[in-house]
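> A predicted structure for the sequence below; I have some questions about it.
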Amino acid sequence: RCAQGMTQAPPPTLPVPPLPPFTLVRSARRSLGLEISASKGLVVRAPLRASERQIQALLHEKAGWIRSKLSLVQERQEAQVHIAWHNRTTLPFLGGQLQLELHPSAPRQGLLVAVAAQRWVLHLPCATDASPATIRNTAWAWWLGQARSMFTERLQHYAPALGVAWRSLRLTNARTRWGSAKRDGSLMLNAKLLHYPLPVVDYVVVHELAHLHEMNHSPRFWAWVAQACPDYLALRAALKAQAAPLW
């Protein structure tokens, strides 16, 4: 209890954590924007004439959001599984499990065999004592072929429904970016999408095709996505909830 006539001292002020470092990218855009990814960290996208004061004001206004998102990115990275490449390695595949079996006499392109519901065995043309690098490279060659075949089929299915035409498809192994689209119909899709169930793959395919209507994430863009993929919110959440293994 305070003595009469004395004033209580104010509580000590806790130090404010410093803002994380960021990369500033200026371009002919109209507003400031923030992006956070595992590969680039915090990126500030600013109009050519945006002042340093405007940029710092945005960073301080969004400081809580920035720290929260960076923390989630770090947690997601720590949760990623590093694949141990050996005979009978198991990989997540289209919502199920894919087991690698090494057979020197297997077909050069590999042989996929369904053994149960959501379970497959992939026979690879490798010696049973092959090095991890050899197994990984052989599996990746098969994986890329499978991804191209599946993505092409899904693109051909959804493009007419959205009234767009795509021109080319490039595959990547990016850590965080699942796809991109250019106005000329050139698309990029991440081959590691095959680690997820087919509805999640379809969501990303529809997302990139919708960009051929709207090169942004405006309400009109999401209306195009919803037209072909009504449950896109749940599928987008599923994609973010589970990190793909690191190849």
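Yep, that arrived. Quantities reported herein were computed from a predicted structural model and do not represent experimental measurements.

> which secondary structure elements does the longest helix along the chain sit against?
Scanning the chain for the helix with the most residues, using DSSP state H, yields helix 132-162. The contact analysis (3 or more CB pairs under 8 Å, 6 or more residues apart in numbering; DSSP states H and E) places helix 132-162 against strand 96-102, strand 119-124, strand 168-172, strand 186-190, helix 198-210, helix 219-228. The C-beta positions use only the backbone N, C-alpha and C, and glycine is treated the same way.

> for the longest one, buried residues please.
Yep, that's helix 198-210 we're talking about. 200-210 (16 or more other CB atoms under 10 Å).

> do the same with the second one
Neighbour-count burial for strand 119-124, with 16+ other CB under 10 Å as criterion, is recorded at 120-124.

> adding pLDDT, write those out as JSON lines.
Output for the buried residues of strand 119-124, formatted as JSON lines (pLDDT from 0 to 100):
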{"residue": "120", "pLDDT": "98"}
{"residue": "121", "pLDDT": "97"}
{"residue": "122", "pLDDT": "97"}
{"residue": "123", "pLDDT": "97"}
{"residue": "124", "pLDDT": "97"}
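
> who's in contact with stretch 176-186?
Stretch 176-186 is contacted from outside by 37-39, 164-168, 170, 187-190, 193, 204-205, 207-209, 211-212, 215, 239, using CB atoms under 8 Å, 6 or more residues apart in numbering.

> buried residues in it?
Here stretch 176-186 shows 178-181 as buried, counting by 16+ other CB under 10 Å.

> what's the closest of these to residue 231?
residue 178 (17.2 Å; CB to CB).

> quick one: contacts for residue 205?
Counted by CB under 8 Å, 6+ apart, residue 205 has contacts 151, 154-155, 158, 179, 189.

> and which of these is nearest to residue 25?
Nearest member of the contacts of residue 205 to residue 25, counting by CB to CB, is residue 179, at 20.3 Å.

> report pLDDT for that closest one.
With respect to pLDDT, residue 179 scores 96.

> Throw the helices and strands packed on helix 132-162 into CSV and include distance to residue 22, thanks.
Shown next, in CSV, are the helices and strands packed on helix 132-162 (distance: least, CB to CB, whole Å):
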stretch, distance to residue 22
strand 96-102, 39
strand 119-124, 42
strand 168-172, 24
strand 186-190, 25
helix 198-210, 26
helix 219-228, 26
